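J.: have a look at this prediction, sequence included:
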Amino acid sequence: MENVEKKICNLIDLKRDGIIEFLRKLGKISSVVCREFEAKKFIFNTFLEMGLKTDF
């Protein structure tokens, strides 16, 4: 495995529990066609908490 791939895999391993928790919460949000607002808001807020710039 190349160095970059190894770093990415290590970061995923370190963040595994958080990733799983994020996906569990996202999966519980109803987001049928044309009614995705709550899911989008959840992702937007999560990204803000992470310090990421988003365009909502």
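T.: Right, received. Where do you want to start?
J.: please name the nearest non-neighbouring residue to the most centrally placed residue in the chain.
T.: Nearest to the mean C-alpha position of the chain, by CA atoms, centre = their mean, lies residue 22 at 5.8 Å. With CB to CB, 6 or more residues apart in numbering as the criterion, residue 22 has its nearest non-adjacent residue at 6.4 Å, and that residue is residue 46. The C-beta positions use only the backbone N, C-alpha and C, and glycine is treated the same way.
J.: picking that back up, quick one: which helix or strand includes the residue nearest to the centre of the chain?
T.: Per DSSP states H and E: residue 22 is located in helix 3-28.
J.: helices and strands around that helix, which ones?
T.: helix 37-49 (3 or more CB pairs under 8 Å, 6 or more residues apart in numbering; DSSP states H and E).
J.: give me the pLDDT for residue 1.
T.: If you check residue 1, the pLDDT there is 70.
J.: what's the neighbour count on it?
T.: Residues lying near residue 1 (other CB atoms under 10 Å) number 8.
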